[in-house]
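Asker: A structural model of the following input is requested.
(2 chains)
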Amino acid sequence: MYDLIIFLVLLLLGYVFGQRAEKRHFKSIIEREKQLRDILVFSERKIPEADKVEGTLVCGSVVISVDFFKRFVAGLRNLVGGRVSSYESLLERGRREAILRLKEEARERGAQSVWNIRLETSSIYKGSGQSIGAVEVLAYGTAAKTR
Amino acid sequence: MADYENPEIPEGINVSPTHPLKDFALLVAGISTLLVVGVLILSLLAGQLARHVPFAQEQALAGSLGRWLPAAPESSEQQQRQLYLQTLADRLAAAMELPAEMPITIHYAPGDTVNAMASLGGHIVVFQGLIDTLPSENALAMVVAHEIAHIRHRHPIVAMGRGFAVMLTLSSLTGIGDGNLQQWLVGVGMLPVLSFSRSQEEEADGDALQAMLRTYGHVGDAAAFFEDVARRQPMSEPLAMFSTHPGHEERIARIREFAARHAGADKQPAVPLPAYMKSR
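Answerer: Predicted coordinates:
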């Protein structure tokens, strides 16, 4: 019985704090994306007019923890299949935050654009049983600064 | 460079628009329904299998459960009462053509509880509280015959099989409660653990009425126990649909209907209970 109460409290805490953190994070992401709109990012490998720019490697990475509620819902989803919407929003946050951090680094270096952007995702704590787990998203690319 | 641009991307492309709570509710409801249905099917199957356990095995199981039946009566008065109950049960068992390998053992319990119970291994417990509410031997015979019918139809072992299947499934699914399972196994012989389904109760009622008719030639006073219970707690009757025992009104009605079908069977005088059976 106590197990069940503890579980429900954890679930509630996970939901309340997880949702609040997610809402805040999305708000901040949208705001900062507006501020950094002038830094252009492309997945294209070849920098046009490469001889006129100076290229440097820039990267941004973020680690976001899964909350108890999300993990539980995803666990239930595992039984029946389908879209794991609780993780979709988590990874969306990760990708956008990583690109934002990459853009911030590019701005510090005085670059106007970032080329050949690549995203890497990895799961932290993977395979360690009952732990909640977290996801890391790394974005990297070549920042181009006009000479 | 001027040819390149980053258009503004609309929100919500990469995320399903479901509310997390809705997702959660749907998943929990769906999966728990599946679980309940699964456990129900398993318990019904277990009940079907338990029916085929030889009665000798059931007796051995009941014997291995330790001390769960009331202690043997000490005073001579209580011994007299137990003997009377045992004789009555044997007479009814003979009328019900109970197989010889299915002996009924009656245990007299001096408690105030208004109840009688059938359990594993052909053991029936009758409480003094029940005897005190009954007007005649016929009324007592109806209750005892009802419990004998449970044993004849193997209801106690079926109920145990079902309960065991439910416990086993749940504890192996959750992976917790090893201790609980053990506790339940120890307590399995405890009488209140075994509960019978509505259809089992109706089956037992039908058999008991037949036995009454064969033993006494009529079914007068057969409904006395239920009439008494219905009189004492008219309001506390749970909705018949959700209750395992058929509603008292329903049972009384069925008994009266049975009496009407065997015309004149309820007009005859009932056999009185011997004076020593009453505690007050």
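
Asker: how about the strands of chain A, start to end?
Answerer: For chain A, the strands defined by DSSP state E cover A:40-41, A:53-65, A:113-124, A:134-146.

Asker: before we move on, what about the stretch 51-200 of chain B?
Answerer: Assigned strands in the stretch 51-200 of chain B, in chain order: B:105-109, B:116-119, B:123-127 (criterion: DSSP state E, counting those that start in this stretch).

Asker: is it possible to export the strands of chain A to JSON lines including mean pLDDT and distance to residue B:21?
Answerer: Every C-beta, even on glycine, is put in place using the N, C-alpha and C of the backbone. Converted to JSON lines, the strands of chain A look like this (pLDDT from 0 to 100; distance: least, CB to CB, whole Å):
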{"stretch": "strand A:40-41", "mean pLDDT": "94", "distance to residue B:21": "35"}
{"stretch": "strand A:53-65", "mean pLDDT": "94", "distance to residue B:21": "20"}
{"stretch": "strand A:113-124", "mean pLDDT": "93", "distance to residue B:21": "25"}
{"stretch": "strand A:134-146", "mean pLDDT": "94", "distance to residue B:21": "22"}
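
Asker: Which one of the strands of the stretch 51-200 of chain B lies nearest to residue B:205?
Answerer: strand B:116-119 (13.1 Å; CB to CB).

Asker: Up against chain A, what does chain B have?
Answerer: B:1, B:4-6, B:8, B:11, B:14-16, B:18, B:20-21, B:23-24, B:27-28, B:30-31, B:176 (CB under 8 Å from any CB of the partner chain).

Asker: ok, 7 Å please
Answerer: Contact residues, chain B versus chain A (CB under 7 Å from any CB of the partner chain): B:1, B:4-6, B:14-16, B:18, B:20, B:23-24, B:27-28, B:30-31, B:176.

Asker: Farthest pair within these?
Answerer: Longest distance between any two of the residues of chain B next to chain A is 62.8 Å, between B:1 and B:176; criterion CB to CB.

Asker: re earlier: mean pLDDT lowest for which of the strands of the stretch 51-200 of chain B?
Answerer: Among these, strand B:116-119 carries the lowest mean pLDDT, a mean of 85.

Asker: and it, what other elements does it pack with?
Answerer: In terms of contacts (3 or more CB pairs under 7 Å, 6 or more residues apart in numbering or on different chains; DSSP states H and E), strand B:116-119 is packed against strand B:123-127, helix B:137-152, helix B:155-174.

Asker: hmm, who's touching that strand?
Answerer: Strand B:116-119 is contacted from outside by B:124-127, B:130, B:143-144, B:147, B:150-151, B:155-156, B:189, B:191, B:194, using CB atoms under 7 Å, 6 or more residues apart in numbering or on different chains.

Asker: what residue lies at the spatial centre of chain A?
Answerer: For chain A, the residue nearest the mean C-alpha position is residue A:94 (0.9 Å; CA atoms, centre = their mean).

Asker: still on that earlier bit, okay if I get the helices and strands packed on strand B:116-119 as TSV plus mean neighbour count?
Answerer: Shown next, in TSV, are those (neighbours: other CB atoms under 10 Å in any protein chain shown):
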stretch	mean neighbour count
strand B:123-127	23
helix B:137-152	25
helix B:155-174	19
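
Asker: Go through these and name the closest to residue B:115.
Answerer: Across the helices and strands packed on strand B:116-119, closest to residue B:115 is strand B:123-127 (CB to CB), at 5.5 Å.

Asker: Next, the angle from the lowest-mean-pLDDT helix or strand in chain A to strand A:53-65.
Answerer: In chain A, no helix or strand scores lower on mean pLDDT, DSSP states H and E than helix A:68-80, which sits at a mean of 88. Angle, helix A:68-80 to strand A:53-65, by axes from the mean of the first three to the mean of the last three CA atoms, to 10 degrees: 90 degrees.
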